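Colleague: sharing a sequence plus its predicted fold:
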Amino acid sequence: MQKMAEPLGLRDKCGEGTSGAPALAGSCLADNRLNLDVYPDGCRRFLQLFKEQRGEVVQVEFLRLSSNDRLLATTLGSLPHLKHLKSLVLKGGHARDEFGSYQHGSLTSLPQDFGNLRCLTHLDLSFNRLSTLPSCILHLPSLRVLLVSHNSLVTLPEDFGCLSKLTFFSAMKNQLKGLPQSIGELSMLQDLDLSENALELLPEEVGNLHNCTELDLSGNRLSSIPDSLANLKSLRRLHLHSNLLVTVPASLARLPNLSRLDLQNNCLRAIPAEIQTSPFVHLRGNPLGETEPSLQAGNCKASAAVVIHSLISSGSFTVTSKGCKVVLACGIHFYFPPGAASDPLRIYFRSLAPDPQWVKLRHHDVLLSRVLELQPHGVKFQQEVQIWMPYVSPQALHQHEVVVRTFSGQSWSDLTTRVEQKRKSKKHVAHCSVLHFSWFLVVSRLVQNECKVPTEGTLLFSSVDPNIKVIFPPGVTNEPRRVKLQVLPVSAEEIEEITANAGCRASPLLYLSQDSLVDFLKPVRIQLPLPPGVTGLNLDRSRLHLLHGDLEGQTWNDITSEVVLEFTHLYAVFEVTHFSWYWLWYTTKTYIGGIAKKVYERLRLYQVNFIALQRKKDPEQVLLQCVPKHKVDPVLKKLQDRYRGPEPSDMVEMFEGEQFFAAFEGGINIDMDRPDCVDGRLSFIFYSHLKNMKEIYVTSPVDRKGQAVKGQVSFYRGAIPESIPEDASRRRKGPDSLWLATLPIKLPQLKPRWDENPGPLYGFSFPPLNLGNAETGYLTQANLLSIARRMGTDWQSIGLNLGLTYQQIERIGYNNREDLNKQILDMLFSWAQQNSEDPECVSKLITAMKESGRQDIADEVEAIIELGRQKYSESIRRVGLEQESSTEDSAIAMM
């Protein structure tokens, strides 16, 4: 459900003209709306307009500004002058930190004279730093919608109930521990969202909210709820999931309009029979009534199992000393054993897109999952918490192993990981145990063998190739140290393909590392297999080279003359005192270091193709994807029924974690306000086993009513990753070094829009519709089309709140599958046709919009109706005056 209600039309673009402020004012002040939150310097633009076009600005009714703007404090002083202001949005979240998290705005208070905004009905202060509710808000007599979610509020003012006209209040994701008794005085309140706070008790006065239709108290610390909630006769949805409830009043089941009661993820053990048998009650995740067998296994029997089924990528849940098991919608599982948390602890989770600026992959690593962030960071559990993370099964990575990697805030480290496979789905999960929460991801790395080297020495060998051995003699170290060994096998076919020389052969690549910066006291003995086809019997020593590479593989030095090489029939043995890469080559070439560097670089590259496809039923919807070469045919086969487009691009090579961009050219544009849009180009990060795909809508400034537009999309490299070899970096410089590929895009000749076509709409033929009546105001067919364009994916929720059945909604979706516009039109106009004679149909539409979280559309409908009433009143008054005048003329004539 959309909780962030906003007035309709505020997202319209605000372009700056070439002549400065007047052009900006002309484009932004249309319909008394000023939308500046999409600009990083929106406050500066507002101050400029306020100075140069003050007469127009003070008439503004709808204003949006970003509270991430550095000039916000200066701007606040000017806002009380906007006496006609009806809607004000001062939200944060328009900027992100280095981990991709939305940054809260700088707003901590409001000037006292904000209370002079007598016309203000809608105020959104979400994603800021408010610790107390500004007192001036209580002096806004017309306020109906107030959003203060994602702040740091601990309490609400005792006289909060004086906001008598409030119909919608959201304070989700704050730190509220209690509510004032006066909250029961909000007699007009219809929607109250207090989810994800720290509420432990509710005042009895909550039961006085007789007009409340939706109450969200999920994600708090409530152990009980007052019986007075049974007085909320208008209540339709009650969200109590993710609390600490032990029981609930049976009277809740008798609320006449209640259609959903969510009690999941609580501690309910004594549930009234009326609650258990009610069809609208959701009880999963409680000790009583838990039915999922997978949650009854192992040590979970004594603990409360928790199940979270949600499509969101972030959320929270509560862990108590009794322990619990948690299942997220993305497939991630947690098990908190009893005693892991001594006190109730709120856990917050987020799924983040990996950013190469802080997700540092090592050479030959492959990323297999998104980043999971768990908060609070640094809290130590009394017992280890088990985590199961699903991942993309690696292909053609036979000498790799899967591990969970975690970030401490300074560096990444690998956790001891066990790979498991789900019995039913056959999907793989990575299982690890932790005592602290931070960031986690799943990678595939070269198989790693390690050991602790004591003073008496030891032996370490590779599990990939047991013939690769490292022998540590007695006295090799004064203090025990840990050593790691990794091996990268390289086939003779790969060497021949890259070097184009059948005479070049190489052994497996050996990488050694240790946790000490001090060299060993005695030489360490290493055994490597000879290159394929080479034995101690046919060995030509002049062709054999032992190469030593630095940690980044940038330089490969021939150290054959610096070590003593011994040979057996199958192996070469040598001694070293410090660790890095070691590689045996057999070739007639003289400059072998350069050849090895080229081969090593190519071993890290992936061959990929780009595809650009347009949806058959909606060519303005474009799918862009970077696909590894061996996956191109299966991907195209899967998409061919719904999409069409040119052949894939020519093959190019990319590194794991490399950034690239897509730019639309030739008269085709994209929405520049997207968070992944940089200087007009879509940003991508290539990860070989993740979906490098985006589906977007494109437009064209060219008039397409007369002709089609033939444009293109070009792909360019981004910033060169730090770990790319110097030679590869040098080759990517020059005028065309960043260009990768170009594919054609064609936008067909534009058909009349559904709100411009007087004939059948998208295949639907309805007689002209006018909802309402002359006295109360009409909604015309054009008004309905304007409403339909703004519904988006909320149409199903709106349809249900208009009274359509689930079966009707499913049938509309099925009959118009893959065409969202048709789904919306079918739902809205079918309902309008059936209810056109109902005098209350417009008020029902407004109510449905509010109940679906679309206060923005509800406000717009009410504005249209109010305008209609005014026009009707004026016409009646004019007619009345004319009749009165005619009567007077007749009287005069008779005299």
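Modeller: Yes, it's here. Residues are numbered from 1 along each chain as shown.

Colleague: gap between residue 829 and residue 809?
Modeller: Going from residue 829 to residue 809 by Cβ to Cβ, to the nearest Å gives 15 Å. (Glycine included, C-beta is placed from N, CA and C.)

Colleague: could you do residue 164 as well?
Modeller: 36 Å.

Colleague: so for these two, which sits in the more crowded spot?
Modeller: Each of residue 164 and residue 809 has its neighbours counted (other Cβ atoms under 10 Å); residue 809 has more, 18 against 12.

Colleague: am I right that the more buried one sits in a helix?
Modeller: Yes - checked against DSSP: H, G, I helix; E, B strand; the rest coil, residue 809 lies within a helix.

Colleague: give the contact list for residue 217.
Modeller: 194-195, 199, 202, 225, 238-240, 243 (Cβ atoms under 8 Å, 6 or more residues apart in numbering).

Colleague: also residue 229?
Modeller: Contacts of residue 229 by Cβ under 8 Å, 6+ apart are 202, 206-207, 215, 235, 238, 249, 252.

Colleague: and these as a markdown table, adding distance to residue 319?
Modeller: Formatted as a markdown table, the contacts of residue 229 follow (distance: Cβ to Cβ, whole Å):
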| residue | distance to residue 319 |
| --- | --- |
| 202 | 22 |
| 206 | 27 |
| 207 | 30 |
| 215 | 25 |
| 235 | 29 |
| 238 | 24 |
| 249 | 26 |
| 252 | 26 |
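
Colleague: which of these fall within helices?
Modeller: Assigned to helices by DSSP state H, none of the contacts of residue 229 qualify.

Colleague: of those, which is the nearest to residue 636?
Modeller: residue 238 (48.1 Å; Cβ to Cβ).

Colleague: wait, the closest one touches residue 262, no?
Modeller: Yes - between residue 238 and residue 262 there is a contact under Cβ atoms under 8 Å: 7.2 Å.

Colleague: so if I had to pick from the two, which one is more boxed in?
Modeller: Counted by other Cβ under 10 Å, residue 238 and residue 262 do not tie: residue 238 has more neighbours, with 25 against 20.

Colleague: so what's the more buried one up against?
Modeller: Contacts of residue 238 by Cβ under 8 Å, 6+ apart are 214-215, 217, 229, 252, 255, 258, 260-262.

Colleague: redo the contacts of residue 229 as TSV? Include distance to residue 169 and pLDDT.
Modeller: Formatted as TSV, these follow (distance: Cβ to Cβ, whole Å; pLDDT from 0 to 100):
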residue	distance to residue 169	pLDDT
202	15	93
206	12	94
207	17	92
215	11	93
235	15	92
238	16	90
249	24	85
252	22	85
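
Colleague: find the helix or strand that residue 90 is a member of.
Modeller: Here residue 90 sits within strand 87-91, counting by DSSP states H and E.

Colleague: show residues contacting that strand.
Modeller: By Cβ under 8 Å, 6+ apart, the list of residues contacting strand 87-91 reads 6-7, 10, 37, 61-67, 72, 79, 105, 107, 117, 120-128, 859.

Colleague: quick revisit: out of the contacts of residue 238, which are buried?
Modeller: 214-215, 217, 229, 252, 255, 258, 261-262 (16 or more other Cβ atoms under 10 Å).

Colleague: what about the residues you listed, which are in strands?
Modeller: Mapping these onto strands (DSSP state E) picks out 214-215, 261-262.

Colleague: can I get the residues you listed in a markdown table including distance to residue 566?
Modeller: Converted to a markdown table, these look like this (distance: Cβ to Cβ, whole Å):
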| residue | distance to residue 566 |
| --- | --- |
| 214 | 79 |
| 215 | 80 |
| 261 | 78 |
| 262 | 72 |
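
Colleague: of these, closest to residue 747?
Modeller: residue 214 (41.5 Å).

Colleague: that closest one pairs with what?
Modeller: residue 191, residue 237 (DSSP bridges).

Colleague: could you pull up the residues touching it?
Modeller: 190-193, 235-239, 851.

Colleague: what subset of those residues is buried?
Modeller: Buried members of the contacts of residue 214, counted by 16+ other Cβ under 10 Å: 190-193, 235-239, 851.

Colleague: picking up where we left off before, return the subset of the contacts of residue 217 lying in strands.
Modeller: 238-239.

Colleague: make a markdown table out of the contacts of residue 217 and add distance to residue 664.
Modeller: Listed next are the contacts of residue 217 as a markdown table, based on distance: Cβ to Cβ, whole Å:
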| residue | distance to residue 664 |
| --- | --- |
| 194 | 44 |
| 195 | 39 |
| 199 | 48 |
| 202 | 52 |
| 225 | 53 |
| 238 | 47 |
| 239 | 42 |
| 240 | 47 |
| 243 | 48 |
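
Colleague: so residue 844 is in which element?
Modeller: Per DSSP H and E: helix 841-851 holds residue 844.

Colleague: which secondary structure elements does that helix contact?
Modeller: strand 770-773, strand 777-780, helix 795-801, helix 820-835, helix 855-894 (3 or more Cβ pairs under 8 Å, 6 or more residues apart in numbering; DSSP states H and E).

Colleague: worst average pLDDT in the ones you listed?
Modeller: Among these, helix 855-894 carries the lowest mean pLDDT, at a mean of 57.

Colleague: now intersect the contacts of strand 87-91 with the helices, please.
Modeller: Those of the contacts of strand 87-91 lying in helices (DSSP H): 72, 859.

Colleague: buried members of the contacts of strand 87-91 into PyMOL, please.
Modeller: Per 16+ other Cβ under 10 Å, the buried members of those correspond to this PyMOL selection:
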select buried, resi 6+7+10+37+61+62+63+64+65+66+67+72+79+105+107+117+120+121+122+123+124+125+126+127+128+859
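
Colleague: tell me which of the contacts of strand 87-91 fall in strands.
Modeller: Checked against DSSP E, those include these in strands: 62-66, 122-124.

Colleague: take those residues and lay them out in JSON lines including distance to residue 92 and pLDDT.
Modeller: Shown next, in JSON lines, are the ones in strands among the contacts of strand 87-91 (distance: Cβ to Cβ, whole Å; pLDDT from 0 to 100):
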{"residue": "62", "distance to residue 92": "19", "pLDDT": "86"}
{"residue": "63", "distance to residue 92": "16", "pLDDT": "88"}
{"residue": "64", "distance to residue 92": "12", "pLDDT": "87"}
{"residue": "65", "distance to residue 92": "11", "pLDDT": "89"}
{"residue": "66", "distance to residue 92": "7", "pLDDT": "87"}
{"residue": "122", "distance to residue 92": "17", "pLDDT": "93"}
{"residue": "123", "distance to residue 92": "14", "pLDDT": "93"}
{"residue": "124", "distance to residue 92": "11", "pLDDT": "92"}
